[in-house]
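Enquirer: predicted model, plus sequence, below.
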Amino acid sequence: MSRWTPDPTFYPSPRDAVNAPAEKLAYVAAFDRTATRPDAIAVLDTDPDSPDYGTVVGWTDLPYTGDELHHFGWNACSSALCPTAPHPHVERRYLIVPGLRSSRIHVIDTQPDPRQPTIVKVIGPEELAKRAGYSRPHTVHCGPDGLYVSALGGADGQEGPGGIAILDHTTFEVRGAWEADRGPQYLAYDFWWHINHDVLVTSEWGTPSMIEDGIVGELLLGRKYGHALHFWDLARRRHVQRVDLGDQYQMPLELRPAHDPTKTYGFVGVVISVEDLSASIWLWHRDGDTWAVTKVIDIPAEPADPADLPDLLKPFGAVPPLVTDIDLSVDDRFLYVSCWGTGELRQYDVSDPFHPVLTGSVHLGGIVRRTAHPAAPDEPLAGGPQMVEVSRDGRRVYVSNSLYGAWDDQFYPDGVGAWLAKLDVDVDGTGGLTPDQRFFPRGEEFRGLRVHQVRLQGGDASSDSYCFP
Amino acid sequence: MTGTTWVALLSLGAFHGLNPAMGWLFAVARGLQERDRGALLRALPPIALGHLASVGIVAALVTATRSVTASTALAVVGGVLLVGFGLWRLLSERHFRWAGMRLSATQLAGWSFLMSSAHGAGLMLLPVLVAAPTGASGGHAGHLDAAPVGALLGLTAAGVHTLAMFGTALVIAVLVYEVVGVGVLRTAWFNVDRLWAGVLVAAGVFTLIRAA
């Protein structure tokens, strides 16, 4: 179905996108850890003038169980305006929702009623395996020439290599593996690109057996999880360069390139250093003709009484910050960093990307702290800020509290619960974060499911890429 | 070729130049990316060249064929081809794919050639070329040695058409780059593809009716 004028949620440049209207709805991936009930997409009301503000107003159950929803994305975004293969008259309408555990990919239609999305297609794991040779689909990005979906595992029980599958823009059929030459790349996780420079970047987590039953201590201390970034030629689909962060820096996960298409830098969060349990943020950038990384933020572990710690951490007597998600505002000014272990969301001004300045911090939950939300000061919170999403205008930040089923259970063994918070950002001043007391859906509102990624209606800071500066 | 024929060729050139997908938007993107109007201006000639090649092949084929065969047969075949292609463009949801943004001048010309061909830019000239009286060479229709002359006429037609396309693209690209800004795309980017497909079908029907 094509439109006569471009989809109004497409913006040629990030400068235009920051003027986008505020989102009225948010879509949240919710999953059942016991895999006995279907996972779901929950719809949240984010319109402050609505009587239902801050509550779940829609709910779409998936057809099967055991999917473990994690990340998802839109079928189309601002990259549709890119001049090489423009198709701006498509609609941003379908959510592409992979099951990280089941390897099913769901196509969910948010029209005609955006509060009651419907499932229109389910791509089975066998199609992903047969056509692309992958399993455990994860990140979804709308590219100029198709939908890109990263996957952690290989097909037919193979651990790897993980990689990227391409889905057709309109039929959503799996077209095949993206890579023409993967070079030394084996582990996969996140990816994104510098679209105007024909550069794609990928990060590394682990293979299915390394993550699905929980984090494996021996593998972590043996420095076997991912610790490198890969740079690719986006046009020729070839591996160009592997940049090793050093094997003590385990698990570089979320990749957040600058939205400004003239820039060639981006940020990646590292979950943990096995030397001191610290977390870190690295900047990738050009260095002459090659790519280089520079550590720009270090977040130390916090000492704790072993009695307060889960078994996994008792021997260390400290809480690792566990930076598991980061997000960069559309104007490339603020970087948000989730410290899921210590229960903190940090805001850095990264206007000078080599020298971030801490401008805001909010504590919620945490392995030891269990900081309550100001809207419910008597409820100690489990989990911590984890998935973080920023509105296009940069004024609102949404955080949810689950990391990944098996890992939640290890770090929060008494139950991670389910909550989602919204923080208001002072973008006109020097930054700073304030929890919105009217917006704190939690617990039974999510019907016993855990909450993961949030996508905002019309797009957000991690959904769109732009071809015009 | 009559005055009407030339006007039609120029108008279709302007119509093609107007379409953001035919290249002016790419030129604007390059200008903005480099923060240099020169990059914009340097991008347009290869784009026009690619368009010329795409349109020229069809035009030369049509006029050369026309000078050796009965124009009715050509009109019928061409008309059916046009209607079919137009309907396919109208109904198909597929869009042109091209992965890269950083192209050399040669690649840019190649991109433009493929883009114009995929959109059936040359086919759109078919009714004009079929309908036009062949002028001096018309008397020699039926002789095989008339083919090169016919092809030359087709190439001239493609050249004139491309000049109009280039001029239009240049004006729009500079206007958007210097004055209006790419924000205008959000509202002004009318779905030319749909209109385009409609024009193709109409042109095919027109050609068929004339042939009947």
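Expert: Sure, I can see it. Numbering: from 1, shown residues only, chains lettered A, B, ... in the order given.

Enquirer: need the contact list for the spatially most central residue of chain B.
Expert: Nearest to the mean C-alpha position of chain B, counting by CA atoms, centre = their mean, stands B:A121 at 3.4 Å. Counting by CB atoms under 8 Å, 6 or more residues apart in numbering or on different chains, B:A121 touches B:H16, B:M22, B:H51, B:S54, B:V55. C-betas here are computed from N, CA, C, even on glycine.

Enquirer: kindly report the same for A:V243.
Expert: A:V243 touches A:A228, A:L229, A:H230, A:F231, A:W284, A:W291, A:A292, A:V293, counting by CB under 8 Å, 6+ apart.

Enquirer: filter those residues down to the buried ones.
Expert: A:A228, A:L229, A:H230, A:F231, A:W284, A:W291, A:V293 (16 or more other CB atoms under 10 Å in any protein chain shown).

Enquirer: for the fourth one, which three-state class applies?
Expert: Under the three-state scheme (DSSP: H, G, I helix; E, B strand; the rest coil), the conformation of A:F231 reads as strand.

Enquirer: element containing the closest residue to chain A within chain B?
Expert: The nearest approach of chain B to chain A comes at B:G100, 3.1 Å away (CB to the nearest CB). Assigned by DSSP states H and E, B:G100 falls within no helix or strand.

Enquirer: what's the helix or strand for the closest residue to it other than its chain neighbours?
Expert: Closest residue to B:G100 apart from its sequence neighbours, by CB to CB, 6 or more residues apart in numbering or on different chains: A:A235 at 3.1 Å. Assigned by DSSP H and E, A:A235 falls within no helix or strand.

Enquirer: how about the contacts made by A:A235?
Expert: Counting by CB under 8 Å, 6+ apart, A:A235 has contacts A:D198, B:A99, B:G100, B:M101, B:R102.

Enquirer: identify the farthest-apart pair in the residues you listed.
Expert: Using CB to CB, those span at most 10.7 Å, a distance reached by B:A99 and B:R102.

Enquirer: quick one: buried residues of the helix or strand containing B:S117?
Expert: In this assignment (DSSP H and E), B:S117 forms part of helix B:105-119. Along helix B:105-119, these residues count as buried under the neighbour rule (16+ other CB under 10 Å): B:L108, B:A109, B:G110, B:W111, B:S112, B:F113, B:M115, B:S116, B:S117, B:A118, B:H119.

Enquirer: is it in proximity to chain A?
Expert: Yes. Helix B:105-119 is in contact with chain A by CB under 8 Å from any CB of the partner chain, via B:W111.

Enquirer: and stretch B:163-180, average pLDDT?
Expert: Per-region confidence: stretch B:163-180 scores 96 on mean pLDDT.

Enquirer: near chain B, which residues of chain A are found?
Expert: Checking chain A against chain B by CB under 8 Å from any CB, the hits are A:2-6, A:8, A:10-13, A:16, A:81-89, A:144-146, A:169-171, A:195-198, A:234-237, A:261-262, A:467-469.

Enquirer: give me the number of residues near the closest residue to B:L90 other than its chain neighbours?
Expert: Closest residue in space to B:L90, ignoring its immediate chain neighbours: B:A197 at 3.8 Å, by CB to CB, 6+ apart. Counted with other CB atoms under 10 Å in any protein chain shown, the neighbours of B:A197 add up to 21.
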